[in-house]
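J.: Here is my input; please provide its structure:
(chains A and B)
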Amino acid sequence: MEPRSKIDSFELSQAIHRIQTQLRWKPGSAEWHLKQRIRRGHLPVTATLSEYEALIQTVVHGPTALVYIFWHKDDPYISIVDDIADKHWLVMFALSGVLESAYIVERPHLYLNKSDFEYVDLLAKVMSHDDE
Amino acid sequence: MMTNEERIFAYEVDTDFLEISGFEYIEMLYNRSEIAQIENELSDAQKARLAQADQRLLRDAHLFYAAIQSIANLKRWREQDNRPAEQWWWYLDVLAAAPLAAPQLVAEPVPA
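T.: Purely as a prediction, here's the structure:
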């Protein structure tokens, strides 16, 4: 496996703070993600992008949400998992704050324990470094 | 716990949509493996829908693999789970590298 860089706690909390402040999608991808969530039945057919983004914000503000870092090669993607209406929502984004995806994971137990995922802590604890 | 119908539906939708993160396709591969475990419980109609979705995945294997490759190491995930060759969907990298094989796999049956 490739050697990994390390993310310090301040860098991590800053990245989460960025996405809590403003969601940034890859160019043109927001509507596609919304469409897929509706097609999969993760969101109602009447859902708007604003409602989807509000749900994402709920996940990335959840104090008991679980924070992971997913590593691909040497690139970290912050992954925040929280339960919304009995569904496990995963929000994944790059350190820059650009969203990779936000969707319901049906089988978190099958891959959150993979070596590519590094569990960090509860969101509230991660963000407590923001105040230091 | 998903029902059989929910699994088939999710697989149909995922194989028909190439505009999302490659990471979601990892979930799709897990779903396909679960479908394989319950395949003998499916109705004929569900089996037909599964076959059509499989054809889409085979036809566009290189596109699905490109999406996955940008965010995950498919080979490592496959090896960590010891996926056998029977679960061909975990071998999109191999299928993508064998373009001559794919059309044969997805070819329509020739009328008698």
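
J.: And the pLDDT for the residue nearest in space to the middle of chain B?
T.: Nearest to the mean C-alpha position of chain B, by Cα atoms, centre = their mean, lies residue B:89 at 4.4 Å. As summarised for this prediction, residue B:89 has a pLDDT of 97.

J.: Now it: closest residue in space, sequence neighbours ignored.
T.: Spatial nearest neighbour of residue B:89, excluding adjacent residues (Cβ to Cβ, 6 or more residues apart in numbering or on different chains): residue B:32 at 4.7 Å. Quick note: C-beta positions are derived from backbone N, CA and C, even for glycine.

J.: Up against chain A, what does chain B have?
T.: B:2, B:9-10, B:13-14, B:17, B:19-21, B:23-24, B:26-27, B:30-31, B:71-73, B:76-77, B:80 (Cβ under 8 Å from any Cβ of the partner chain).

J.: The residue nearest to the centre of chain B and residue B:26 touch, don't they?
T.: No - no contact is recorded between residue B:89 and residue B:26 when judged using Cβ atoms under 8 Å, the distance being 10.9 Å.

J.: Please compute how far the helix or strand where residue B:27 lies lies from its chain's middle.
T.: Counting by DSSP states H and E, the element that carries residue B:27 is helix B:22-37. Computed by Cα atoms, centre = their mean, to the nearest Å, the chain-centroid distance of helix B:22-37 equals 7 Å.

J.: List of residues touching the helix or strand that that helix is followed by?
T.: Proceeding C-terminally, helix B:22-37 gives way to helix B:44-59 as the next helix or strand, assigned by DSSP H and E. If you take Cβ atoms under 8 Å, 6 or more residues apart in numbering or on different chains as the criterion, helix B:44-59 is touched by B:4-5, B:8, B:11-12, B:15-16, B:32, B:35, B:39, B:42, B:64, B:89, B:92, B:95, B:102, B:105-106.

J.: Filter those residues down to the buried ones, ChimeraX style.
T.: The following ChimeraX selection, which keeps only the buried ones among the contacts of helix B:44-59, applies the criterion 16 or more other Cβ atoms under 10 Å in any protein chain shown:
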select /B:8,11,12,15,32,35,42,64,89,92,95,102
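
J.: Next, count neighbours for residue B:68.
T.: If you count neighbours by other Cβ atoms under 10 Å in any protein chain shown, residue B:68 ends up with 23.

J.: How about the one 3 residues further on?
T.: Residue B:71 has 22 neighbouring residues, counting by other Cβ under 10 Å.
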